[in-house]
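> Model the following, please.
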Amino acid sequence: MDEKKRQDPDTESATDTESAQPSAAQPSAAQPSAAPLPTTKKGGMRNVFFLGLVSFFSDISADMVYPLIPLYLTTTLGVTPALVGVIEGIAESVASLLKVFSGYLTDRFQKKKLLAFLGYAPGIFYKLILVLAGSWVGVLCARVFDRVGKGIRVAPRDVLVSESADKNAMGKAFGLHKALDMLGAALGVLLTYFLMRSMLGAPSGFDFKKVFLLSLIPAALGLAMFLFVKEKKTPRPAKTPEFFWKNIHKVDRQLWLYLVVVFLFTLGNSSNTFILLKAQDAGFDAVNVILLFFIYHLAAGVLSLPFGALSDRIGRKRLLIPGYLAFSLCYLGFAFITSPQLMVVAFIVYGAYTAMITGVERAFVAEISPPDLKGTMLGLQSTVAGVALLPASVIAGLLWDGFGSTTPFIFGAILSLFSVILLAVFMKRHHDR
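Reported below is the predicted structural model:
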């Protein structure tokens, strides 16, 4: 990537990869230059907005349920924290294997909207399986089914976002989508909180399965938003694309190094289930602990758009590094904080970390990937993170049971600091060569 080597590595913009790719046809000296193409895509941010609404309603549904899963497993089904970690790790990792293949199918068939819809649809069946589940095995099956849907939808959805964005506003587009995603999650958590409060006085106690059924309503609304999503008509390739491992030579080595960083970091970033359990140790009861996740999602939702736009101006790595540092800080907080007030601060920092990392890294992967492998590489990035989640959650559960509840968070903070070193030092040196 000669174009990228001539630039300051910390100020790459969304135009880096596009400028490095050869044009399909360039005018000769004897021909007049064509008028420059406009950089604004008509209706682009509108499309991102409706994709964001898909995630908004889907996450209302998902996060009406997700904070209840560890409580349901531990209080109703009598599951240990270690087994909770295994359940979450298996669910995430098994589904993550689909993400790279979903990305390949996106590149091959160019049916991004259809694949994304098929990925969101299992959210309906996930809640129905939870209602029918009578043991932790049933909950595991429900979680795997839900994560399979996520494995299908992530890559085509992210390609839809990147194709809808102005080339100089990739971070803003992913930031807008992530903001709506997280605000939906915040609303879902808040609804669950009020439902739990209203049901606690009932003679039969809290009814988990009633909440699971109510969560079907926003899930259906999310699917309905696909009616307003437009798909860029891209012709299918003349020949069937080869699998990505046959095109490794096309991928920038900096992207491979970043995938190593993602894997290392995720080994210490275990399931949020452990954070919920830790918050209970700090004095939050089973109901009030839900509010902490509302605070987390709200902080991430409010900050995602401005951080995404900021990354368009200052470069992706200059935001990824403080994002990983914020993760280390809040994980150290989770390890040692015993004050409820400081636990609230730690959740706000956790939201800021999410806002700095999630949308920005997707913009980074999208803009540095070869155009014909964009879906595959976005899927591969999610697969790498998902595959690391199984050992991450298992390790966290074993550390919790064997050495105490502080140990998994110290372990995660240390791995995050190693990730910062790779980003700040080795990636920069490699990029300068």
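
> Poorly predicted segments of this structure, please.
Per-residue confidence of the chain (counting by pLDDT under 70) places the weak regions at 1-43, 93, 200-205, 234-249, 427-433.

> And what about the residue positioned nearest the centre of it, helix, strand or coil?
For the chain, the residue nearest the mean C-alpha position is Thr358 (5.6 Å; C-alpha atoms, centre = their mean). Reducing the assignment at Thr358 to three states with DSSP: H, G, I helix; E, B strand; the rest coil gives helix.

> who's in contact with it?
For Thr358, the set of contacting residues under the criterion of C-beta atoms under 8 Å, 6 or more residues apart in numbering consists of Lys178, Ala300, Ser304. Where you see a C-beta, it was placed from the backbone N, CA and C, and this is true even at glycine.

> how deep is the second one tucked in, by neighbour count?
If I follow you right, that is Ala300. By other C-beta atoms under 10 Å, 28 other residues sit near Ala300.

> Now do the helix or strand where it lies: distance to the chain's middle.
Secondary-structure element containing Ala300, defined by DSSP states H and E: helix 288-314. Between the mean C-alpha point of helix 288-314 and the mean C-alpha point of its chain there is a distance of 13 Å (C-alpha atoms, centre = their mean, to the nearest Å).

> chain center to the helix or strand in which Ser416 is found: distance?
In this assignment (DSSP H and E), Ser416 forms part of helix 407-421. Using C-alpha atoms, centre = their mean, the distance from the centre of helix 407-421 to the centre of the chain it belongs to is 19 Å.

> now do stretch 407-422
19 Å.

> List the contacts of that stretch.
Outside of stretch 407-422, the residues within contact range by C-beta under 8 Å, 6+ apart are 257, 260-261, 264-265, 267-270, 274, 278, 321, 324-325, 327-329, 331-332, 334-335, 395-397, 399-400.

> Helices of the stretch 301-433 of the chain, start to end?
With DSSP state H, counting those that start in this stretch as the definition, the stretch 301-433 of the chain shows helices at residue ranges 317-336, 340-368, 374-403, 407-421, 427-432.

> Now distance to Gly44 too, for these, in JSON lines please.
Below are the helices of the stretch 301-433 of the chain laid out as JSON lines (distance: least, C-beta to C-beta, whole Å):
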{"stretch": "helix 317-336", "distance to Gly44": "22"}
{"stretch": "helix 340-368", "distance to Gly44": "14"}
{"stretch": "helix 374-403", "distance to Gly44": "16"}
{"stretch": "helix 407-421", "distance to Gly44": "32"}
{"stretch": "helix 427-432", "distance to Gly44": "29"}
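
> helices and strands around the helix holding Ala300, which ones?
The helices and strands touching helix 288-314, judged by 3 or more C-beta pairs under 8 Å, 6 or more residues apart in numbering; DSSP states H and E, are helix 170-199, helix 273-281, helix 317-336, helix 340-368.

> Pipe those helices into TSV and attach distance to Pro391 per row.
Putting those into TSV (distance: least, C-beta to C-beta, whole Å) gives the following:
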stretch	distance to Pro391
helix 170-199	26
helix 273-281	14
helix 317-336	17
helix 340-368	20
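
> To Ser162, which of the ones you listed lies closest?
Relative to Ser162, the nearest member of the helices and strands packed on helix 288-314 by C-beta to C-beta is helix 340-368, separated by 4.1 Å.

> what angle do the closest one and helix 288-314 make?
Compare the direction of helix 340-368 with that of helix 288-314 by axes from the mean of the first three to the mean of the last three C-alpha atoms, to 10 degrees and you get 40 degrees.

> What residues of helix 340-368 count as buried?
Of all the residues in helix 340-368, those buried under the rule 16 or more other C-beta atoms under 10 Å are 343-344, 346-368.

> got it, and stretch 394-403?
Val394, Ile395, Ala396, Gly397, Leu398, Leu399, Trp400, Asp401.

> Just to check, Ile69 is in contact with Leu276?
No: between Ile69 and Leu276 there is no contact, the gap being 9.2 Å when judged by C-beta atoms under 8 Å.

> Let's see stretch 143-161 as CSV, backbone CA atoms only.
Presented in CSV, the C-alpha positions along stretch 143-161 are these (Å, rounded to 0.1, in the frame of the first residue of the first chain):
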residue,chain,number,x,y,z
ARG,A,143,-28.3,-18.5,23.4
VAL,A,144,-26.6,-20.4,20.6
PHE,A,145,-29.6,-19.9,18.3
ASP,A,146,-29.5,-16.1,19.0
ARG,A,147,-25.8,-15.9,18.4
VAL,A,148,-26.1,-17.8,15.2
GLY,A,149,-28.4,-15.0,14.0
LYS,A,150,-25.8,-12.4,15.0
GLY,A,151,-23.1,-14.4,13.2
ILE,A,152,-25.2,-14.2,10.0
ARG,A,153,-26.1,-10.5,10.2
VAL,A,154,-23.0,-8.6,11.3
ALA,A,155,-21.0,-8.7,8.1
PRO,A,156,-23.7,-7.8,5.6
ARG,A,157,-25.1,-5.1,7.9
ASP,A,158,-21.7,-3.5,8.3
VAL,A,159,-21.1,-3.6,4.6
LEU,A,160,-24.5,-1.9,4.1
VAL,A,161,-23.4,0.8,6.5
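
> Got phi/psi on Gly268?
Dihedral pair for Gly268: phi -100, psi 0, per degrees, to the nearest 10.

> Burial check on it, number of neighbours?
One way to gauge burial is a neighbour count; for Gly268, by other C-beta under 10 Å, it gives 25.

> List the contacts of it.
If a contact means C-beta under 8 Å, 6+ apart, then Gly268 has Tyr331, Ala392, Phe411, Gly412, Ala413, Ile414, Leu415, Ser416 as its contacts.

> Could you rerun that using 6 Å?
Taking C-beta atoms under 6 Å, 6 or more residues apart in numbering, we find Gly268 in contact with Phe411, Gly412, Leu415, Ser416.
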